[in-house]
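Visitor: starting from these lines, generate the structure:
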Amino acid sequence: MKLLIVPLLTITCCLLSQAVLIEDDFDDGNADGWLIMYGEGTYFVNDSLCYDISYSGTSDVNPAVIRGDSANIFMTISDYSVLLEGICHAPSDFIGVYMRGTYDETGYVLWLRYDAPADVAIFRHDGPGSYTNIENVLFTLNYDEPYWIRFESHADTLKGKVWQGTVGDEPAPWLLTAVDDAYQNNGFMGFVTGQYDSGPAHAELDNVLVTAVTTALDQTTWAEIKALF
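Guide: This next block holds a predicted model:
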């Protein structure tokens, strides 16, 4: 599957005139450039060549990994689009994608929340334990299945979408659009899983592509991409 994904991502970026800031499919067997947000937990590239993150204790720990496109871990711009594949395994309640994140635990997160009723939500993170639900929509989610996730920022506008299949199946419409101007910093991007209260957690991360936001993608462009395969 990854052999098809790599050229498709390259074509997509060329059509959109977007600069690639981060690209990692973990096919080299390592997670170079990634930092662990919280020391507790286990982090490694597994036999499926996915970045495996988990926690087996009983404390309130949400294992997370973060990445920037500069030496000091932060992104060099504040408007960027994060595309990745995430797999949530029980007993995790959620997986999430960070954007404009900081070590003070501020920024924005796009959540896939698996407990009934399952949904996708954009939250503002205002510090440890402080979250504000900006926008959410009900969405059917199944454990152990891969989901493509795109989370994008442009000035005070945040957009998110989730889908299954291949990267070329990305829907043109955004699933969620939210407006919030609290955090305009570059921050870092990242991936997190966990439970709402405390206890073990497990998820996998793959096919990460972060690009600069320069041009919107419309349905015609996706039709052109799909016609190539």
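Visitor: alpha carbons only for contacts and neighbour counts from here, please
Guide: Noted.
Visitor: count of residues packed around the residue nearest to residue 30 when sequence neighbours are not counted?
Guide: Excluding its sequence neighbours, the residue lying closest to residue 30 (CA to CA, 6 or more residues apart in numbering) is residue 45, at 5.9 Å. By other CA atoms under 10 Å, the residues close to residue 45 number 19.
Visitor: residue 110 now?
Guide: Per other CA under 10 Å, the neighbour tally for residue 110 reads 28.
Visitor: shaky segments in this structure?
Guide: Counting by pLDDT under 70, the chain shows low-confidence ranges at 1-18, 215-229.
Visitor: contacting residues around the residue nearest to residue 30?
Guide: Residues near residue 45 by CA atoms under 8 Å, 6 or more residues apart in numbering: 26, 29, 30, 31, 51, 52.
Visitor: again, only this time at 10 Å
Guide: 26, 27, 28, 29, 30, 31, 51, 52, 53, 204, 205, 206 (CA atoms under 10 Å, 6 or more residues apart in numbering).
Visitor: I'd like to know which of the residues you listed are buried.
Guide: Listed as buried from those are 26, 27, 30, 31, 51, 52, 53, 204, 205, 206; burial here means 16 or more other CA atoms under 10 Å.
Visitor: now, which of those residues sits nearest residue 171?
Guide: residue 206 (19.4 Å; CA to CA).
Visitor: on that earlier part again, out of the buried ones among the contacts of residue 45, which two sit at the greatest distance?
Guide: 27 and 53 (16.2 Å).
Visitor: who does the residue nearest to residue 30 bridge with?
Guide: Bridge pairing for residue 45 (DSSP bridges) gives the partners residue 51.
Visitor: how about residue 65?
Guide: According to DSSP bridges, the partner residues bridging residue 65 are residue 36, residue 191.
Visitor: mind checking how far it is from residue 58?
Guide: From residue 65 across to residue 58, the span is 20 Å (CA to CA, to the nearest Å).
Visitor: the helices in the chain, which residues?
Guide: Under the criterion DSSP state H, helices of the chain are mapped to 2-16, 219-226.
Visitor: kindly check the end-to-end length of stretch 60-74 for me.
Guide: 26 Å.
Visitor: buried stuff in that stretch?
Guide: Going by neighbour count (16+ other CA under 10 Å), the buried part of stretch 60-74 is 61, 62, 63, 64, 65, 66, 67, 68, 69, 73, 74.
Visitor: how about stretch 112-132?
Guide: For stretch 112-132, using 16+ other CA under 10 Å, the buried residues are 112-114, 118-126, 131.
Visitor: which one among those gets closest to residue 143?
Guide: residue 114 (7.7 Å).
Visitor: hmm, residue 93 and the closest one touching each other?
Guide: Yes: the pair residue 114 / residue 93 is scored as a contact, 5.5 Å apart, by CA atoms under 10 Å.
Visitor: for this structure, longest strand please?
Guide: Counting residues, the longest strand found in the chain (DSSP state E) is strand 201-212.
Visitor: check contacts around the residue minimising distance to the centre of the chain.
Guide: Geometric centre of the chain, nearest residue: residue 97, 3.5 Å, by CA atoms, centre = their mean. When contacts are counted by CA under 10 Å, 6+ apart, residue 97 is found next to 64-66, 82-84, 86, 108-112, 122, 149-151, 160, 189-193.
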